[in-house]
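K.L.:
Below: sequence and its predicted model.
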Amino acid sequence: MTTAESAGADGHRPLVVGGYGAVGATVTAALSQWFPGRVLPAGRDPLRARRAGGVTLDVNDPDALRRVLDDTRATLVVLCVEPPDESTARICLERGVHLVDVNATPRLLLRTERLHDVARASGATAALSVGVAPGLTNLLARRAHDAVGGAERLDLTVLLGTGERHGQDAVRWTVAGLAEPAPHPDTSD
């Protein structure tokens, strides 16, 4: 079967970067129910990528990303790893590849948001910060706000337990964030 045939009649071909990690494996499994045989997990470790039925990809290598997008004809990239900058998003959006990004680093989110015109020109959509916190917590806060008729302030608390399964990158990001001051909403980089 060729890559084009494996994309299916509807043309959807999701590529899950970090697709065999703690978050990515769950995303890959969920998407595989909707797009059987078409979801490609991707990651830096060639052996793990091969075992997962995916492809080798390091988001630090823009040329490799371009090759993988060309070879797989991916129509959607789900980033379950944090790239070093917005170039991964730019490459996807310039090519008209939709993007879902679970990262939550304010600096990177701001830079990716600035690619709005690039996405619009190619007809691509980017959904940013779609993880649990932020992401789902923001949606729940909005729902609570609307349900009670509004609020001046909502305080969210996230309890991180040791019983859950967290990937190394998630733990690194969380611990590093504990040492940083909270960003001011009007901060630009």
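P.N.:
That came through fine. Numbering: from 1, shown residues only.

K.L.:
how about the strands in this protein?
P.N.:
14-17, 40-43, 55-56, 76-79, 98-101, 126-128 (DSSP state E).

K.L.:
Check the burial of the nearest residue to Asn60 once chain neighbours are set aside by counting its neighbours.
P.N.:
Leaving out its chain neighbours, the residue that sits closest to Asn60 by Cβ to Cβ, 6 or more residues apart in numbering is Pro84, at 5.9 Å. C-beta here means a position set from N, CA and C on the backbone, and glycine is covered the same way. Using other Cβ atoms under 10 Å, Pro84 has 9 neighbouring residues.

K.L.:
Quickly note the distance from Pro84 to Ser122.
P.N.:
The gap separating Pro84 from Ser122 is 22 Å, by Cβ to Cβ, to the nearest Å.

K.L.:
which residues of this protein score low on pLDDT?
P.N.:
Within the chain, the segments meeting pLDDT under 70 span 1-11, 132-136, 158-189.

K.L.:
And the helices in it?
P.N.:
Remark: helices assigned in the chain by DSSP state H are 3-6, 22-34, 46-51, 62-72, 87-94, 106-113, 116-122, 137-147, 168-178.

K.L.:
TSV please, covering the ones you listed and showing distance to Val78 and mean neighbour count.
P.N.:
Putting these into TSV (distance: least, Cβ to Cβ, whole Å; neighbours: other Cβ atoms under 10 Å) gives the following:
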stretch	distance to Val78	mean neighbour count
helix 3-6	17	11
helix 22-34	6	17
helix 46-51	15	13
helix 62-72	13	16
helix 87-94	10	22
helix 106-113	14	18
helix 116-122	16	14
helix 137-147	18	12
helix 168-178	15	12
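
K.L.:
got TSV for those helices, with distance to Leu156 too?
P.N.:
Output for the helices of the chain, formatted as TSV (distance: least, Cβ to Cβ, whole Å):
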stretch	distance to Leu156
helix 3-6	41
helix 22-34	20
helix 46-51	34
helix 62-72	33
helix 87-94	26
helix 106-113	16
helix 116-122	26
helix 137-147	5
helix 168-178	15
